[in-house]
Every structure is written in structure tokens, then in C-alpha cells.
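Participant: just need the structure, nothing else, for what follows:
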Amino acid sequence: MSSRRSLPISVAYIGVGAVVALAYFRAPGLSTNERLPFYLAVSLSSAVAILAGVRRHRPANRLPWRLIAASQLVYFVADVTFYTYHDILRNTKYPAPADALYLAHYPILAAGLVLLGSRRRSSLLDTLIVGTAFALLEWILLMDPYVHPSAGSLMPRLTSLAYPVADLLVLVSAIRLLGASLRVPAIAYLASAFLFLFFSDFAYAWLQAKGRYTGPGDFLDATWMAYYLLLGAAALSPSMRRLAEARPAPPPVRLGVRRIALLAAAAFTAPATLIVEHSRSAIDQDYAVAAASIVVFALVITRLAGVARAQRRDQAEKERLLGRVVEAAERERIRFAADIYDGPVQKLFALELRLDLLIAQLGRGEVDEAAGSAQRIHGEIADQMGALRRLISNLRPPAIGDRGLARALRDDGGAIAGNVAVHVESALEVDLASELETVIYQIAREAFLNVEAHAQARRVDVTLSQRDDEIVLSIRDDGLGFDGSAYARDPGRFPGLTSMDDLARSLGGSLRIVSGRGAGTEVRARFPLREKGDYGSELSQVTSAGW
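Facilitator: You can find the predicted model right below:
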């Protein structure tokens, strides 16, 4: 019987919320005031969904999500207050008590985003570039009309200025958090949610400035409800746990199509705004546009200079790694040749002598003695065939191609580690390139040798998994461990670990050693997931040379 995959709870939540939102706009026979409970239910459901997601998925750091839920609760109270004053009491005074609550929600939301992204490294320059361009648009369209005393009394002006500033605060916090792969569902949900939030707030502020906001029931309510639902869906997705995880230092920045488009859009914002303002004869904005142009172009040039430096460092690192990998390959070839000479070659020479003896025994008619000699020769041939198989398996075991990488690691780990229980678990759903399989096998084999020689462990756990767009290999033992900081200070003292690190780097990966005296050791290697045959020239040059 085939099993059906259940609908993700985040998708189900969005579906139910969409039905409630549709009822808000299309419920027959109900006035706008009578439909408001549908809108408020969606608003409240977002906070409830976030708290439910925290309870269900138990992220490592729950405080950021609780702050985001608290901000949404404040938003819900603000919605209730706004509609009570605006639609029930018919009080359209501005600013109103609801504005204080709406503005209070932004710092709480920003604090949650900052804490959530505190361990995820993203580019500050990219954040500043996009933030500066957005700030310019807000200044021209939303803030400048309220700067002049002729715009009205002080409190309405300050309130109108506070909303764009609060949006900019959330934007900067969100970009720092969302500077990661959109393949992670929780990040994709959050990115979409904030797009709706910024659009809604921007359009609302612009309509207010022009005196065109017509109140509840227009298209802006749909965009705000989309924000609520996507924010709740992000917390209900199991991938929300990944957002609090530490991310390694990002690889050298490369100018992909999306990054170039983003930088170009930010850089063209100021000149395009200047053209529009001149066409409207609004020359009083020239200083603001000129200042923003200088800042944005300076930031873009700084980014491009950083990319150039990163690519030069990347090329130098590749050349250094190629040299070290070739040296390691040469050492491996020398060791392999020594193993062949000291093992099978010597044994074959001894077998040649035994065959001479067998021939002599047969010539003298010593049948019983010849049978004994033949039996011993047969046993030694079998031993040497096994030794040759082991030598070949040390390079790339046939089991990888025949039975898969996980089975090869399980078999080899059990053979090398002796009495240590080796457990291998693979959660991979993709086929790995042969180069990557070989490197993973070589790293694991070196780790098994270290366990057998030094760890005095009883158990080794090997896991292969895919996290976002990375392949992760973890080898953890429960042995004696060692001072892991000593390796960080002086890697040269640990040639085995250094060799593993070089292997990982040869495919653009990274290696991390976590250990302490009496606490066991974990070797964790990360590799970028790429198409087959797309792992650069370093390893292919080495393998083609016979490693």
C-alpha cells in the first residue's frame, strides 16, 4: 500500500487563513463592520501560530520567536483599537491610540529578527546598500512632506515620520536575517511576509499623505492579511529551527545575476528619483538625492572591491590547496608503492621459491610433500589476493559503486576500528558526484584510523545528511578526546586532521573538529551541493594523476 505524504501544517494554515480572508471580502449580506471579525481572526491567528510553532518544533533559541509573537499580539491589539475607534466610535482623529500600538510593535519585531539572525553571517554592505536606497524613497515620498511646518501640527507630523523610520528599522533587521538560501521554507515565508508588510506600510503611508486612504475593506487589508499568514507559516514550518543555528563564514562573494540585479536596482534608485523629481519640478529634493547617490555608489564600489579581493584570495587559496593536495597525493603514492613492495611483491617472491620447491618435489615423486606445499601456496595466494583488495579499497572501495557510500563506510569502519561499534546513518536523497564520494570516504577512513589508534572508543556514529544546499558528514566517537584548541593553534602537529581538512577544502568544503579531554571527538565536514562533475580542477588533477 502506498503511503500519502500529509499536507505540511504551514501550507494548511495558509489555506485556512486564505478562506477566512476571502470571507472577509466576499461574505454576502454583511457590512464592513460585521466582516471585521474575520480580519481580526487572521491577525490573532498569526501570533497563535508562532507560539504553536515554537511549542511544536522547540528551536534552540525560543526568545526571538517569542518576541516576534509578542510583536504580532501588539499588532492585533492595535488592529482592534483602530477599528474600534475608526468604525464603531467613528473617531478619525490622527494620531490615535492605535498609532502608538502600531509603532510599539516595530521595535519588538526588529529585536526578534536581530536575535534570530545574530548567529547567521550575512553581508553588512549589501544591507546598507539596499537600506540606503529604500531610505531615499521613503524620504522623498513619505517623510519630506511632513518635515515642513506648513504640513500641520507637530504630533501628526512626528507620527507620520515615525512609520517610515520603523519600517526601515525592520527592513535592516530582516535583510541581515534573510541573507541566506530561500530554499529553506521558513526563510522563504519570512521574506515573502516582509515584502507584503513593506508594500502595505509604504502604500498606506503614501495614501495617507495624499489623503486617499478610504479605510478598512480595500486592497491593503488583503496585503496585511498575507503578511500575518506568511509570518505564522514561517513558525509552523519545521525548518524554523535552522534559523537559530550558527552559519559558517560565507564563501567568497561572487557576482551572480541576482546579486548584480539587486545592486544595480539600488544604485539606479537615486538617479531615477532625481529624473522623476525634476520632471515634477521638485528641485528641493536635489540635495537628498545627491547625498543618497554618493552613499549608494560608494557602498557599491566598496562591495565590488571586496568581491575582487575575495576572488583573489579564493584563487590564491585554490593554488595553495592544489599544491598541498598534490603533495598529499605524492605521499599517498609513495606509501602505496611501499605497501605493494613490502607486502604482495615480497610474498610473490616467496611464492616463486615455494613453486620451485613444489616442482622439485613432483620431480622426485614426493606426492604427499607436494600436496602439502600446494596447499600452503594456495592459502598464501588467497591471503595476498585479500591484501591487494584491501589496498585497492583504500583508494576507492568497489562497495561505493556496488552498494553505496553508506555501506562502504559501514564495512570499512568495522574493518579498521576493530572492536569499536560503527553505526552509519544516511539521510541523503541525492546522488553524489564520484569525486565527493571519494573525498567523504577518505576523510571517514582517516577518522576511523584515528579512532583505532588513539580514541579507545566503544562506539562511532557516522551520519550523512543534507542541510539546505550543503552535504554534511559527521563522525562522532565516545573516546578519550583531546584538546581541540591545540589543533586550532597548531594544525601542523596533527597531520591526519590537516590531511582531512585539505581534502574537504579541495572540493570547496570545510572541516570542523570538536573535542575535549574525556568528551570524545566529532569530525564535521561540510561540502557545497553541486552538479556532478562541477567540483573544480584540484581534485580531478590529483585523481587523474593516479591517487
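Participant: quick one: residue 117 and residue 177 touch, right?
Facilitator: Yes - using CB atoms under 8 Å, residue 117 is in contact with residue 177, at 3.3 Å. Yep, even glycine has a C-beta here, placed from its N, CA and C like the rest.
Participant: overlap of the contact sets of the two?
Facilitator: Listed as contacting both residue 117 and residue 177 by CB atoms under 8 Å, 6 or more residues apart in numbering are residue 243.
Participant: and residue 7, that one's in a helix?
Facilitator: No - assignment of residue 7 by DSSP: H, G, I helix; E, B strand; the rest coil gives coil, placing it outside any helix.
Participant: that one and residue 237: what is the separation?
Facilitator: Counting by CB to CB, to the nearest Å, the gap from residue 7 to residue 237 is 13 Å.
Participant: have a look at these two and say which one is more surrounded.
Facilitator: More neighbours surround residue 237 than the other of residue 7 and residue 237, with 25 against 9 (other CB atoms under 10 Å).
Participant: and that one, how far is that from residue 132?
Facilitator: 32 Å.
Participant: before we move on, what about residue 302?
Facilitator: On the measure of CB to CB, residue 302 and residue 132 end up 12 Å apart.
Participant: and if you look at residue 74?
Facilitator: From residue 74 to residue 132 the distance is 29 Å (CB to CB).
Participant: just residue 167 next, same as before
Facilitator: For residue 167, the distance to residue 132 - CB to CB - is 14 Å.
Participant: then residue 431?
Facilitator: Per CB to CB, residue 431 is found 44 Å from residue 132.
Participant: higher neighbour count, those two?
Facilitator: Higher neighbour count among residue 431 and residue 132: residue 132, with 22 against 10, using other CB under 10 Å.
Participant: so which strand or helix has that one?
Facilitator: For residue 132, the enclosing helix or strand under DSSP states H and E is helix 124-138.
Participant: now do residue 74
Facilitator: If you go by DSSP H and E, residue 74 is part of helix 63-83.
Participant: just after that helix, pick out the following helix or strand.
Facilitator: helix 97-116.
Participant: follow-up on the earlier one: buried ones in the helix holding residue 74?
Facilitator: Across helix 63-83, burial judged by 16 or more other CB atoms under 10 Å covers 64-65, 67-83.
Participant: okay, now the unreliable bits of the stretch 301-450 of the chain?
Facilitator: Applying pLDDT under 70 to the stretch 301-450 of the chain picks out residues 301, 303-308, 315-345, 386-403, 414, 416-418.
Participant: strands of that one, start to end?
Facilitator: 421-426 (DSSP state E, counting those that start in this stretch).
Participant: show me what the one helix or strand residue 474 maps to is packed against.
Facilitator: Assignment of secondary structure by DSSP H and E places residue 474 within strand 470-477. Other elements packing on strand 470-477 under the criterion 3 or more CB pairs under 8 Å, 6 or more residues apart in numbering; DSSP states H and E are helix 434-450, strand 459-467, strand 521-528.
Participant: let me see the contact set for the nearest residue to residue 516 once chain neighbours are set aside.
Facilitator: Counting by CB to CB, 6 or more residues apart in numbering, residue 516 lies nearest to residue 481, which is 5.2 Å off, once chain neighbours are set aside. Taking CB under 8 Å, 6+ apart as the contact definition, residue 481 lies against 455, 515-521.
Participant: okay, those residues in CSV with pLDDT and distance to residue 423 next?
Facilitator: Shown next, in CSV, are these (pLDDT from 0 to 100; distance: CB to CB, whole Å):
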residue, pLDDT, distance to residue 423
455, 81, 15
515, 86, 19
516, 81, 22
517, 82, 24
518, 82, 21
519, 83, 19
520, 88, 14
521, 90, 16
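Participant: which two among those are spaced furthest apart?
Facilitator: By the measure CB to CB, 455 and 516 form the most distant pair in the contacts of residue 481, at 12.8 Å.
Participant: neighbour count: the two, which is higher?
Facilitator: Legend: neighbour count by other CB under 10 Å for residue 455 and residue 516, higher for residue 455 (22 against 13).
Participant: if I pick that one, what's in contact with it?
Facilitator: 420, 477, 479-481, 520-521 are the contacts of residue 455 under CB under 8 Å, 6+ apart.
Participant: hmm, who's touching the strand holding residue 474?
Facilitator: By CB under 8 Å, 6+ apart, strand 470-477 touches 420, 428, 432, 436, 440, 443-444, 447-448, 451, 455, 457, 459-466, 520-529.
Participant: for the helix or strand following that strand, which positions count as buried?
Facilitator: Using DSSP H and E, the helix or strand that directly follows strand 470-477 along the chain is helix 484-489. Neighbour-count burial for helix 484-489 flags 484, 487 (criterion: 16+ other CB under 10 Å).
Participant: can I have helix 484-489 written out in PDB, keeping just the CAs?
Facilitator: Extracted C-alpha coordinates of helix 484-489, given in PDB (Å, rounded to 0.1, in the frame of the first residue of the first chain):
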ATOM      1  CA  GLY A 484      40.700  20.600  20.300                       C
ATOM      2  CA  SER A 485      42.100  24.100  20.800                       C
ATOM      3  CA  ALA A 486      45.600  22.600  20.300                       C
ATOM      4  CA  TYR A 487      44.700  21.700  16.700                       C
ATOM      5  CA  ALA A 488      43.300  25.200  16.100                       C
ATOM      6  CA  ARG A 489      46.500  26.800  17.400                       C
END
